[in-house]
Each structure stands twice: as C-alpha cells, then as structure tokens.
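# Give me coordinates for this.
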Amino acid sequence: MDTLLIIDDEPMIRKLLSKIMQLEGYEVYQAADCTSALRELELRRPQVVVCDVFLPDGNGIDFIQKIKNKYPAIEVILLTAHGNISDGVKAIKNGAFDYITKGDDNNKIIPSFKSIIGLSESIQNTLQLAAKVATTDVPVLLTGETGTGKEVFAQAIHSGSLRREKPFLAVNCSAFSKDLLENELFGHKSGSFTGATKDKKGLFEEANHGTLFLDEVGEMSFELQAKLLRVLEEGEFYRIGDTRPTKIDVRIISATNRDLKKEIENNTFRQDLFFRLSVFQIMLPALRDRAEDIPALCYFMLEKSAAKIHKSITGITPECMSALKSYSWPGNIRELRNVMERGAIICESELTLEDLPIEMQNFITRKNKEKELSGFELAAMEKNHIKKVLQHTRGNKTEASRLMKIGLTTLYRKIEEYGIEL
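All right, here's what the predicted structure looks like:
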C-alpha cells in the first residue's frame, strides 16, 4: 500500500485530508510541525507528502528543500490558505510537485472515483458503470433526482478519461434564455448583433479536446437542440453570425432530472438528440435509497465545513445520527451538505438534534408520533394485555391462561414470541 504523510498544525485539516486520502487507498500518517515530520519521514518513508505552508517551527516552502535533499524520490504537494504567484513559483523551484490553495476542489488532489463517498451497493454499482465508460469517448447521460451529485460524477468521468489533461467546462442550461445559451455554447462573430464588438469563443470551442458538461439539458429549447445534434453528429458548429463551420473534438456529458421520454412524447425534446446523448445512461441513486452511506457523508461534510471556519467538532450524537438516517432527504446530497454547513456553524462541540433545521426536527417529531400509533396494532395490544394479566397474577401462568381462556402451551409460546420478561 502507498504511504502518505500530511503535515499541518490544524488537527481538523489533518483529519479531513486523512479521510480523503484513505478513501483513495493510501496508508496515511500525520505530523503537526517540521520536527515531528522529519521523524515520520525517517520512520515511514512515504511516497507522497502533503505539507502546509505555515507551520509552528518553519515554513513549508523552505521545508520542501530539506525533504527533497534527503529524500529526492518523495513527491511534495504544498497546501496554503492564502495562495500567491510568487510563493507558488518558489515552491515549484524548491521541488514541489504541485502548489494548491486550501478550499480548492478535492479532485485537484485526488481526481478519482474513489473520492466519491459511499459503500452501499447502489452507489458502488453506479461508480463501476461510470468508471467503465470513462475511458471511452461516448456521450454519457446522467439521470436522477436533483442534488444527487451529477456534476461530481461528470468531473470524475472526465478525470478518469484520456482527456483528463484538457479542459472540463460546465454549463447549466436552465440558467440562460435561448439566445443567451446559444451565445454561451457557440460564441459569435464580431458585428453579428448589437454589442458584439469582437469575436467571442463559446464553451464548445473553449472545451476543445476536453469535456463539456451540459447540466439540465432537458431545459434546452427545441430549436437549440437541433444545433446540439449537429455537434454530436458532425463535430462542428456555427458561431452566431458566422458562415463557416468551426470543427471541434469535445466529449459531451449531459444531465437531467426530467423524464426525457415523456418530454419526447410531449414534443418538447428531440428523440434523435436523446438517442445521441444517451449512448451510455447512468442513473444516480437518491440519498434515501443509500441510507447506509449517510453517516460517512455526514462526518466528511461536517469536518470539512468545520475546518473552513477553524472550528473543532467532536462528533454527532446517536439521536441526531438516527434522525439524519431516517430523514427523506428530498434535496439529496446537496441538502445534506447544506445541513452540515449550518450545523458546523451553530453547534457547540457535538452536532445534536436541536442543531438541525426546524423542518427536519418537525419531520422527526411526526415520525415518532407514527411509531406511537403503531402501538394500536393487534400484536402490540395482545402483548400489552398478556403483560397486564401476568402482573395481576404475579407471574402465575396457569392462572393467567385460565383468566384469558387460552391454553397454557399457547401462553408460553406467546411469552417467548413477544419476549415478555417477568
């Protein structure tokens, strides 16, 4: 197993990065300063070091030279909360493999499907499908409810492809009007309309040789769908106002929470475009269908949110975790992330039920009332009745069976079946 050393004086940052790296399959060690880091380097001999810039007993940029002089084979990634160009240049000159600002996307550290958290069968099956299609160039259509992480999957597919070194660009088709979206995607020629004072490249051109992610593609106008179909079939498009086509090589990943087959029936989505976009279709599971992943997701997001505000959080109470697992999560992963960010701000040291949004607390209250009502089921009523009769007879089973007019053998069976303790 590959080994990795994280050097940072903030315990929450070390803990968060350790979890990310462990999910990637690394054996992770930690150090809080340069002195302890040197001991770990001598003892562990890791393949990779992830080091903060500002340490209690030194500067990470200078410390790189010490590491590289003594252990030239070790790769060092430098992390900082306040990145600037001069520090980045110096870090690379000193031998750093990369220089990353804290708060950047984790995929800059680990561009891998393994950075997607979840061990449930549904998410693992989804990951396997995505990993298989990543190495190809075919269009991918991601479906599922809103908030299930479609853009994260699109980024992971791009990162697992041969285009990983080229651009990954994303656009939400529902955020633009028809004309604005056309301009955003295809660009325009100078003078093609009022205000078009110079040529403008569109996202297709900017993403050439890379990947373009079309989120909420079901919101695209019928007229614009025809132009998108041409890109997929011919590998070319026309800028607004241009008379010559522009050739491009772009992989398209699209996503929608709409039922595109129903949209086709309603004549709002082109059937030929659907077939071209959905060469490989992946449906992302709703969070409520992968409840066993909720604890890991909660801890990861809570610690990440706490680290951003430099706060130490010890955990989540069992009552709170039970509520989080039983909640329906209509907003899926996006809603969970918002709840954890809010919780990190308002909780003291441990996330409790009272730290959850009021609508979630109300949901749990309703669920508990429903459980109380289940006490009126026939089996529950029978169990309570037997317990009361046995209490009345002070545990005399023969007398209890006589009073209830049932056989003694039947009474013994029911005591065992209901787990009645005397």
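
# Do a quick rundown of the helices in the stretch 201-350 of the chain.
Ranges of helices in the stretch 201-350 of the chain, per DSSP state H, counting those that start in this stretch, are 203-206, 222-234, 260-265, 271-277, 294-308, 318-326, 332-346.

# now those helices as a markdown table including mean neighbour count?
The C-beta positions use only the backbone N, C-alpha and C, and glycine is treated the same way. Listed next are those as a markdown table, based on neighbours: other Cβ atoms under 10 Å:
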| stretch | mean neighbour count |
| --- | --- |
| helix 203-206 | 18 |
| helix 222-234 | 15 |
| helix 260-265 | 15 |
| helix 271-277 | 18 |
| helix 294-308 | 20 |
| helix 318-326 | 16 |
| helix 332-346 | 19 |
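
# mind checking which of the ones you listed is nearest Asp98?
helix 294-308 (20.0 Å; Cβ to Cβ).

# and Thr398, which of the helices of the stretch 201-350 of the chain is closest to it?
helix 318-326 (41.9 Å).

# Note down every partner strand of the helix or strand that contains Ile6 and its orientation.
For Ile6, the element it lies in under DSSP states H and E is strand 3-7. With DSSP bridges as the test, strand 3-7 is paired with strand 27-31 (parallel), strand 48-52 (parallel).

# mind listing what's buried in it?
By neighbour count on 16 or more other Cβ atoms under 10 Å, the buried set for strand 3-7 is Leu4, Leu5, Ile6, Ile7.

# and which of those residues is nearest Lys70?
Using Cβ to Cβ, the buried residues of strand 3-7 come closest to Lys70 at Leu5, 13.3 Å.

# so who does the closest one touch?
Taking Cβ atoms under 8 Å, 6 or more residues apart in numbering, we find Leu5 in contact with Val28, Tyr29, Gln30, Ala31, Ala37, Glu40, Leu41, Arg44, Pro46, Val48, Val49, Val50.

# Can you tell me the closest non-neighbouring residue to it?
Pro46 (4.4 Å; Cβ to Cβ, 6 or more residues apart in numbering).

# Include mean pLDDT and distance to His392 when you put the helices of the stretch 201-350 of the chain into CSV, please.
Below are those laid out as CSV (pLDDT from 0 to 100; distance: least, Cβ to Cβ, whole Å):
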stretch, mean pLDDT, distance to His392
helix 203-206, 94, 78
helix 222-234, 95, 76
helix 260-265, 95, 62
helix 271-277, 97, 70
helix 294-308, 87, 45
helix 318-326, 91, 36
helix 332-346, 95, 49
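
# quick one: Gly95 is in a helix?
No - counting by DSSP: H, G, I helix; E, B strand; the rest coil, Gly95 falls outside a helix, being coil.

# roughly how far apart are it and Ala31?
18 Å (Cβ to Cβ, to the nearest Å).

# swap in Leu185?
48 Å.

# if we can go back for a sec, which one of Gly95 and Ala31 has more residues nearby?
Per other Cβ atoms under 10 Å, whichever of Gly95 and Ala31 has more neighbours is Ala31, with 22 against 16.

# Let's see the pLDDT reported for Thr410.
Reading off the confidence values, Thr410 has pLDDT 86.

# ok, it touching Ser401?
Yes - counting by Cβ atoms under 8 Å, Thr410 does reach Ser401; the two are 7.4 Å apart.

# Comparing these two, which residue is more hemmed in?
Ser401 (19 against 11).

# now the buried residues of strand 3-7 in TSV, with pLDDT?
Rendered in TSV, the data for the buried residues of strand 3-7 read as follows (pLDDT from 0 to 100):
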residue	pLDDT
Leu4	93
Leu5	94
Ile6	94
Ile7	94
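
# And the residues you listed, which is closest to Leu277?
Leu4 (38.9 Å).

# partners of that closest one in the sheet?
Beta bridges link Leu4 to Val28, Val48, judged by DSSP bridges.

# contacting residues around it?
Residues in contact with Leu4, defined by Cβ under 8 Å, 6+ apart, are Met21, Tyr26, Glu27, Val28, Tyr29, Pro46, Gln47, Val48, Val49, Val50.

# How much space separates it from Asp293?
As judged by Cβ to Cβ, Leu4 and Asp293 stand 24 Å apart.

# show me where the stretch 151-300 of the chain has strands.
With DSSP state E, counting those that start in this stretch, the ranges of strands along the stretch 151-300 of the chain come out as 168-172, 187-188, 200-201, 211-215, 236-237, 246-247, 251-256, 280-283.

# I'd like those strands laid out as a markdown table, including mean pLDDT and mean neighbour count.
Below are those laid out as a markdown table (pLDDT from 0 to 100; neighbours: other Cβ atoms under 10 Å):
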| stretch | mean pLDDT | mean neighbour count |
| --- | --- | --- |
| strand 168-172 | 93 | 18 |
| strand 187-188 | 93 | 22 |
| strand 200-201 | 90 | 16 |
| strand 211-215 | 96 | 24 |
| strand 236-237 | 95 | 18 |
| strand 246-247 | 96 | 14 |
| strand 251-256 | 97 | 26 |
| strand 280-283 | 97 | 17 |
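
# and the ones you listed as a markdown table, adding distance to Lys178?
Below are these laid out as a markdown table (distance: least, Cβ to Cβ, whole Å):
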| stretch | distance to Lys178 |
| --- | --- |
| strand 168-172 | 14 |
| strand 187-188 | 14 |
| strand 200-201 | 17 |
| strand 211-215 | 14 |
| strand 236-237 | 16 |
| strand 246-247 | 20 |
| strand 251-256 | 17 |
| strand 280-283 | 26 |
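
# Poorly predicted segments of the stretch 101-250 of the chain, please.
For the stretch 101-250 of the chain, the stretches flagged by pLDDT under 70 are 101-112, 114.

# which secondary structure element contains Ile77?
Following DSSP H and E, one finds Ile77 within strand 75-80.

# Tell me what angle that strand forms with strand 48-52.
Relative orientation of strand 75-80 and strand 48-52, computed by axes from the mean of the first three to the mean of the last three Cα atoms, to 10 degrees: 20 degrees.

# Quick check: buried residues in strand 75-80?
When burial is assessed from 16+ other Cβ under 10 Å, strand 75-80 yields the following buried residues: Glu75, Val76, Ile77, Leu78, Leu79, Thr80.

# if we compare the helices of the stretch 201-350 of the chain, which one ends up closest to Glu382?
Ranked by Cβ to Cβ, the member of the helices of the stretch 201-350 of the chain that lies closest to Glu382 is helix 318-326, at 27.1 Å.

# ok, now how distant is Val133 from Ser278?
From Val133 to Ser278 the distance is 12 Å (Cβ to Cβ).
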